[in-house]
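Peer 1: Here is my input, please return the structure:
(one chain, ligands or ions: 2)
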Amino acid sequence: MSDCIFCKIIDGELPSAKVYEDENVYAFMDIGQVTEGHVLLIPKKHCENIYEMDEETASNLFRVAPQIANAIKKAYDPKGMNLVNNNGSFADQSVFHFHLHFLPRFDETDGFNVSWEQHNDDYTPEKLQEIAEKISAAL
Ligand code: AMP
Ligand code: ZN
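Peer 2: Ligands and ions are numbered 1, 2, ... in the order given. Modelled structure (predicted):
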């Protein structure tokens with residue numbers, strides 16, 4: 001897509017620090033380095049988000065994900081690693097070409113923060129089953 005910065009990176013029109021490339025995917029350093037070693041993995045085929053991804057594009061991308069994660073792990077020996085994918089502005093997506101963030105984790109103050117609330121007490125097994133059926137019916 002002509003006005004997509006990640007398509008431009010793939011085409012070499014914009015610079016990037018490349019980590020990995022094959023015929024289907026491209027991995028490079030996130031310019032923001034939330035934690036050191038922060039890598040983005042993207043499909044070469046432009047798709048805006050997870051909803052637009054076809055099976056082949058998804059499998060080509062996720063096939064490579066363990067290799068990227070293991071390379072970061074080997075290079076940095078982090079205490080953990082978060083994989084993040086944001087879809088839609090409300091979910092903090094700012095570049096509308098699908099990307100998977102790899103964020104090595106070092107300590108509590110390494111720059112990465114995520115907080116969410118669990119609501120176990122609000123959901124009975126029956127309610128969970130009802131929700132599962134609602135989603136299942138939409139498959
Ligand atoms: P998101 O907010 O999930 O859409 O993530 C977009 C990411 O792209 C951010 O972490 C940015 O730092 C990163 N980013 C934006 N422009 C560039 C660029 N030219 N090169 C590398 N990373 C970029
Ligand atoms: Zn694109």
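Peer 1: tell me the phi and psi of Val25?
Peer 2: phi -140, psi 160 (degrees, to the nearest 10).
Peer 1: swap in Tyr20?
Peer 2: Dihedral angles (degrees, to the nearest 10) for Tyr20: phi -160, psi 150.
Peer 1: Quick check: it vs Pro66, distance?
Peer 2: 12 Å (C-beta to C-beta, to the nearest Å). In this view, the C-beta of every residue, glycine as well, is placed from N, C-alpha and C.
Peer 1: Nearest residue to the residue of the chain found nearest ligand 1 in space, please, no chain neighbours.
Peer 2: In the chain, the residue that lies nearest ligand 1 is Gly32 (3.1 Å; C-beta to the nearest ligand atom). Closest residue in space to Gly32, ignoring its immediate chain neighbours: His38 at 7.0 Å, by C-beta to C-beta, 6 or more residues apart in numbering.
Peer 1: Who are the contact partners of the one you found?
Peer 2: Met29, Asp30, Gly32, His101, Phe102, Leu103, Pro104 (C-beta atoms under 8 Å, 6 or more residues apart in numbering).
Peer 1: can we see that at 7 Å?
Peer 2: Met29, Asp30, Gly32, His101, Phe102, Leu103 (C-beta atoms under 7 Å, 6 or more residues apart in numbering).
Peer 1: what about Tyr20 and Pro66, which has more around it?
Peer 2: Between Tyr20 and Pro66, Tyr20 has the larger neighbour count (other C-beta atoms under 10 Å), namely 14 against 10.
Peer 1: quick one: pLDDT of that one?
Peer 2: On pLDDT, Tyr20 comes in at 98.
Peer 1: ok, the closest residue to it other than its chain neighbours to Glu55 distance?
Peer 2: Counting by C-beta to C-beta, 6+ apart, Tyr20 lies nearest to Ala27, which is 4.1 Å off, once chain neighbours are set aside. According to C-beta to C-beta, Ala27 stands 21 Å off from Glu55.
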